[in-house]
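K.L.:
what follows is a predicted structure for the sequence shown.
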Amino acid sequence: LQARASLWDLRPSGFLRLAGHADGRQSALGGFLTVTDLRDHASNYVAVQEAGATLWEAVPAAVQPQESGRAVILRVAFGKRCGGYLSLQTGNLPKDERDENSVYASVRVD
């Protein structure tokens with residue numbers, strides 16, 4: 001899956017811009033990760049959109065994975081669900097249905 005990874009640029013302004021894809025895909029390049037539609041009472045979906053409406057903050061993770069020198073948690077600093085954290089969903093809602101190689105991302109405010 002690393003070969004299909006998306007490459008992100010967290011701008012000093014707080015916008016999270018899609019800078020590229022490891023496999024060279026061109027989809028949504030230059031777009032911004034933005035909190036969008038309500039998923040359930042505690043979360044919203046996110047999408048890459050042409051105009052950014054969410055500011056993000058990279059918060060150092062308390063536990064560092066061994067294979068990485070630095071891990072961060074992405075937190076919404078301004079916009080919908082301010083204070084929430086980026087999370088991947090396992091598909092427990094009917095509208096979360098995806099293929100076996102993908103999941104929905106959302107922002108949670110637990």
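P.N.:
Sure, I can see it. Bear in mind the structure is a predicted one, so any value in this text is a computation, not a measurement.

K.L.:
what sits up against stretch 6-24?
P.N.:
2-5, 27-33, 48, 52, 54-58, 74, 77-78 (CB atoms under 8 Å, 6 or more residues apart in numbering). C-beta coordinates here come from the backbone N, C-alpha and C atoms, glycine included.

K.L.:
inside strands: which ones of these?
P.N.:
Judged by DSSP state E, the subset of the contacts of stretch 6-24 located in strands is Phe32, Leu33, Val48, Leu55, Trp56, Glu57, Ala58, Leu74, Ala77, Phe78.

K.L.:
which of those are buried?
P.N.:
Buried residues within the ones in strands among the contacts of stretch 6-24, defined by neighbour count using 16 or more other CB atoms under 10 Å: Phe32, Leu33, Val48, Leu55, Trp56, Leu74.

K.L.:
next one: the residue lying closest to the first one once chain neighbours are set aside relative to Gly30, how far apart?
P.N.:
By that I understand Phe32. Leaving aside its chain neighbours, Phe32 sits nearest to Gly52 (3.1 Å; criterion: CB to CB, 6 or more residues apart in numbering). Gly52 sits 10 Å away from Gly30, going by CB to CB, to the nearest Å.

K.L.:
quick one: which of these two has more around it?
P.N.:
For the pair Gly52 and Gly30, the greater number of neighbours falls to Gly52 (19 against 12), based on other CB atoms under 10 Å.
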